[in-house]
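Asker: have a look at this fold, sequence not included:
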Ligand SMILES: NC(=O)c1ccc[n+]([C@@H]2O[C@H](COP(=O)([O-])OP(=O)(O)OC[C@H]3O[C@@H](n4cnc5c(N)ncnc54)[C@H](O)[C@@H]3O)[C@@H](O)[C@H]2O)c1
Ligand SMILES: CC(C)=CCC/C(C)=C/C=C/C(C)=C/C=C/C(C)=C/C=C/C=C(C)/C=C/C=C(C)/C=C/C=C(\C)CCC=C(C)C
């Protein structure tokens, strides 16, 4: 059985979990409450929530599907209800636009959905949630939900990650470190492992704060829109100049400026790899600033009832604002009208023959699926050829969802853990093991005395191609057994304590998430020019926009939500629903394209 074929969504309603105090300078966070107290509090809040009046996610996700009319022209026809597509729809609907989101699957969320088996609720993919803070401007999840009148109860995670690391010259037995929500505690623990790098560690992580503090002052909108940029430069010149000075920088350059120890540099590579799937040299510094600081500022927060509650709440909010989310709507073609340079996207055609017309079309599918599948390889614009030279598909994942007996977990286990046994194999298939146990934060996800345990590791579709059903099923179990055996080092008794297990492969991801080769997203084929290499939302086809992890800033739920904020803003300007500066707009975008073509 595959990872994401049947879903019974259901989640809690209720008020927001009490935020942890933030103070680094003024912005660092205290560690979360002890686990047991926290779990009891969650149960109590869930009980209270059943009678709560706070606007929150409603459980019946796909209930409103099926009613989107085909006889109107939408402001935007949005392909895909991943968090990129939904956040675009939410921002547009909140500004009074009429949109329709067309989703091939039966529920919203894409990589950020969840599914249920025998009383265990599992996240399909995403489980480490950034952007749920309630201060600043980088709390994109909170703000996106709020734009459609929703707010989810979340549980603060006291750590972002517990790393289990391989032996090295300074640590012949291997070593461990936890990224605490409390910034100073994390820095102190890391410094204890590398006392000779005390100053470098502080300087490097302080550099990330410069980026984050700048981002956290700006209103976050489309970087393709000059009026907004000019306003931001006018209101926050220092923040904008700081970001401008970092736009072309990668994290590796910055790391080597401050750190010399090769083992510590490998750790910085891993800090990047775990979310960007590439090492520090290929990871834009601006993205790193966002990830390495928001985990201490807004913190990592788990939505009670499961990650899939986020897209469900968004879909509800969008429909409540008079727009539409349509499931089992498989877009086969982007309809183009006109000829030559005049050709523009005017709608989409579904597999069942229905046509939805729009003033604009926004694709949340990957760029490969959008241009190969829905437009045609023969019509590939030059800019997309350039994209394919610069970016390739990241591997997919092998996913093992396990329902386990609670006593398998060592006392004090953290929700998110990473295991690397050999630095040389970190980036290889099956090299790094990722573990997520969200029931540690939200016990409502599974029966009492059990936990939901999701282990995953990078894997390529080629490892699974051309296999007959029986061989495919056998290989799935063999590979999963080998990974479970390796996990036993950290979780002794995992195999014996397994109640149920389901294995998903890159083929599963391709089939259910509709992502080319099941890929996690684009990764640079060569050193990128910081954030400048990745395309924004406009495409070379007039009227067609892309959103999601094929656009700046790339993979990550909060990242694709940012791309949704940017996309909605750009589309609304192009529709004349938000102010822009027409003459300057054209010149600015021509200049931006010229710079990016050379990037
Ligand atoms: N934080 C974590 O722990 C974690 C883990 C895994 C993934 N992620 C990230 O979550 C992010 C979510 O990304 P996203 O919004 O860009 O994409 P997505 O893949 O989540 O969503 C795309 C949606 O488009 C739909 N779709 C594709 N082709 C279609 C078609 N022809 N017709 C109709 N619908 C179609 C898919 O079914 C899917 O629902 C990704 O960046 C991923 O890397 C995060
Ligand atoms: C004109 C121009 C261009 C410029 C000028 C200057 C300026 C003003 C600039 C500005 C800029 C900006 C605004 C930017 C922004 C940015 C952003 C927002 C970014 C964001 C990012 C984010 C990210 C990247 C995120 C990510 C995350 C992720 C991916 C996560 C993941 C996770 C995982 C996978 C984990 C798992 C683990 C375990 C389970 C263990």
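Answerer: Looks like it came in fine. Just so we're clear, the structure is a prediction, and the values are computed from it rather than from any experiment. Ligands and ions are numbered 1, 2, ... in the order given.
Asker: state the distance from the nearest residue to residue 238 once chain neighbours are set aside to residue 241.
Answerer: In space, and not counting its chain neighbours, residue 238 is closest to residue 214: 7.6 Å by Cβ to Cβ, 6 or more residues apart in numbering. All C-beta atoms are positioned from the backbone trio N, CA, C, and that covers glycine. Note on residue 214: its distance to residue 241, by Cβ to Cβ, to the nearest Å, is 9 Å.
Asker: more neighbours, the two?
Answerer: Remark: of residue 214 and residue 241, residue 214 carries more neighbours, 21 against 12, as counted by other Cβ atoms under 10 Å.
Asker: now that one: phi and psi?
Answerer: Main-chain torsions, residue 214, degrees, to the nearest 10: phi -70, psi -50.
Asker: contact partners for the residue of the stretch 101-250 of the chain found nearest ligand 1?
Answerer: Evaluated by Cβ to the nearest ligand atom, the stretch 101-250 of the chain has residue 110 as its residue closest to ligand 1, separated by 2.4 Å. Residues near residue 110 by Cβ atoms under 8 Å, 6 or more residues apart in numbering: 80, 81, 82, 83, 85, 311, 364, 513, 514.
Asker: so which bits of the strand or helix carrying residue 213 are buried?
Answerer: If you go by DSSP states H and E, residue 213 is part of helix 198-215. Across helix 198-215, burial judged by 16 or more other Cβ atoms under 10 Å covers 200-201, 204-205, 207-215.
Asker: and if you look at stretch 518-529?
Answerer: 518, 519, 520, 521, 522, 523, 524, 528, 529.
Asker: between the two ends of it, what distance do you get?
Answerer: 26 Å (Cα to Cα, to the nearest Å).
Asker: just confirm yes or no for that stretch near ligand 1.
Answerer: Yes - counting by Cβ under 6 Å from any ligand atom, ligand 1 has neighbours in stretch 518-529: 520, 521.
Asker: how about the residues of the stretch 351-500 of the chain near ligand 1?
Answerer: Counting by Cβ under 6 Å from any ligand atom, the residues of the stretch 351-500 of the chain lying close to ligand 1 are 364, 365, 369.
Asker: the first one: what's it in contact with?
Answerer: When contacts are counted by Cβ under 8 Å, 6+ apart, residue 364 is found next to 78, 79, 80, 81, 82, 84, 85, 88, 110, 546, 547, 548.
Asker: excluding residues flanking it in the chain, which one is nearest the residue of the stretch 351-500 of the chain found nearest ligand 1?
Answerer: Taking Cβ to the nearest ligand atom, ligand 1 has its nearest neighbour within the stretch 351-500 of the chain at residue 365, 3.7 Å off. Leaving aside its chain neighbours, residue 365 sits nearest to residue 80 (5.2 Å; criterion: Cβ to Cβ, 6+ apart).
Asker: just checking, residue 171 touches residue 193?
Answerer: Yes - here residue 171 reaches residue 193: they are 7.0 Å apart, a contact under Cβ atoms under 8 Å.
Asker: more crowded one of these two?
Answerer: Shown here are residue 171 and residue 193; by other Cβ under 10 Å, residue 193 has more neighbours (18 against 14).
Asker: any figure for the gap between residue 198 and residue 188?
Answerer: From residue 198 to residue 188 the distance is 10 Å (Cβ to Cβ).
Asker: swap in residue 318?
Answerer: Per Cβ to Cβ, residue 318 is found 44 Å from residue 188.
Asker: okay, these two: which has more neighbours?
Answerer: residue 318 (28 against 13).
Asker: circling back to that earlier point, now, which of the contacts of residue 364 lie within strands?
Answerer: Counted as lying in strands by DSSP state E, out of these, are 78, 79, 546.
Asker: so where's this structure shaky on pLDDT?
Answerer: For the chain, applying pLDDT under 70 flags the ranges 1-66.
Asker: ligand 2 contacts on that one?
Answerer: Residues of the chain lying close to ligand 2 by Cβ under 6 Å from any ligand atom are 127-128, 161, 215, 218, 220, 223, 229, 232, 240, 243-244, 247, 274-275, 286-287, 290-291, 416-418, 434-436, 553-556, 558-559, 562.
Asker: out of those residues, which are buried?
Answerer: Buried members of the residues of the chain next to ligand 2, scored by 16+ other Cβ under 10 Å, are 127-128, 161, 215, 218, 220, 223, 229, 232, 240, 243, 247, 274-275, 286-287, 290-291, 416-418, 434-436, 553-556, 558-559, 562.
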